[in-house]
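1. predicted model and sequence follow; I will ask about them next.
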Amino acid sequence: NAGVTQTPKFQVLKTGQSMTLQCAQDMNHNSMYWYRQDPGMGLRLIYYSASEGTTDKGEVPNGYNVSRLNKREFSLRLESAAPSQTSVYFCASSDSGTYGYTFGSGTRLTVV
Amino acid sequence: AQSVAQPEDQVNVAEGNPLTVKCTYSVSGNPYLFWYVQYPNRGLQFLLKYITGDNLVKGSYGFEAEFNKSQTSFHLKKPSALVSDSALYFCAVRDPRGARQLTFGSGTQLTVLP
């Protein structure tokens, strides 16, 4: 009963370093999403994938790239981390029937 | 474009008293509306949703929400608050005629005082 699994849970990067956040879901959902959560700003959509093989930009895509590797996996890459990318990142998935999301437990990223 | 407003950053209520967490929305058509709860260092958990039908929606842990189309609101309510209800609450909206992604409010920190 895993749902949505995110790795790692915590990460500290130096400015300019790169990293990939991993996300996998085992619910056979078509759609997957990456959000960032910042105090007082709620959740803001970075990128989403409506179905396997497609990705689209959300509200705050600058500085990020994504890959929908297969139906289960959707990764988020920071090519050159900046302190402004310090945040908590959440992956989520959904299918066309439930209309809502299932969230992962989040990755807390600090860029110094 | 779709948007959600949660006008209160913080709501404090005494245990046993009724609680309300406010949410207003803006979409061009009939909305899909959601409430999620986040406990410290955890992901968001689904509480309830309004898609169509009865304006009063019942969800998990005794929570309910009322859809009011004329006021474009979807306030979260519970008749008797528990200390364990203390958490961060998010309202979200989706325009069913648009893409599938949800737009979230900024969140309301609910504190239930013993």
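-> Sure, I can see it. Because the structure is a prediction, the values reported are computed rather than measured. Residues are numbered from 1 along each chain as shown, chains lettered A, B, ... in the order given.
2. so where do the strands sit in chain B?
-> Counting by DSSP state E, one finds strands in chain B at the ranges B:3-5, B:10-14, B:19-21, B:24-26, B:32-38, B:44-50, B:56-58, B:64-68, B:73-78, B:87-94, B:103-104, B:108-113.
3. quick one: is the third one near chain A?
-> Meaning strand B:19-21. No - if you take CB under 8 Å from any CB of the partner chain as the test, strand B:19-21 misses chain A, and the best it gets is 13.6 Å. Where C-beta positions appear, they are placed from N, C-alpha and C, glycine not excepted.
4. hmm, back to that, mean neighbour count and mean pLDDT for the strands of chain B - can I get that in a markdown table?
-> Output for the strands of chain B, formatted as a markdown table (neighbours: other CB atoms under 10 Å in any protein chain shown; pLDDT from 0 to 100):
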| stretch | mean neighbour count | mean pLDDT |
| --- | --- | --- |
| strand B:3-5 | 16 | 93 |
| strand B:10-14 | 13 | 97 |
| strand B:19-21 | 20 | 97 |
| strand B:24-26 | 18 | 95 |
| strand B:32-38 | 24 | 94 |
| strand B:44-50 | 20 | 93 |
| strand B:56-58 | 14 | 95 |
| strand B:64-68 | 18 | 96 |
| strand B:73-78 | 20 | 98 |
| strand B:87-94 | 24 | 94 |
| strand B:103-104 | 24 | 92 |
| strand B:108-113 | 17 | 96 |
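5. distance to residue A:76 added to those, as JSON lines?
-> Below are these laid out as JSON lines (distance: least, CB to CB, whole Å):
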{"stretch": "strand B:3-5", "distance to residue A:76": "23"}
{"stretch": "strand B:10-14", "distance to residue A:76": "31"}
{"stretch": "strand B:19-21", "distance to residue A:76": "30"}
{"stretch": "strand B:24-26", "distance to residue A:76": "27"}
{"stretch": "strand B:32-38", "distance to residue A:76": "20"}
{"stretch": "strand B:44-50", "distance to residue A:76": "17"}
{"stretch": "strand B:56-58", "distance to residue A:76": "32"}
{"stretch": "strand B:64-68", "distance to residue A:76": "31"}
{"stretch": "strand B:73-78", "distance to residue A:76": "30"}
{"stretch": "strand B:87-94", "distance to residue A:76": "20"}
{"stretch": "strand B:103-104", "distance to residue A:76": "18"}
{"stretch": "strand B:108-113", "distance to residue A:76": "27"}
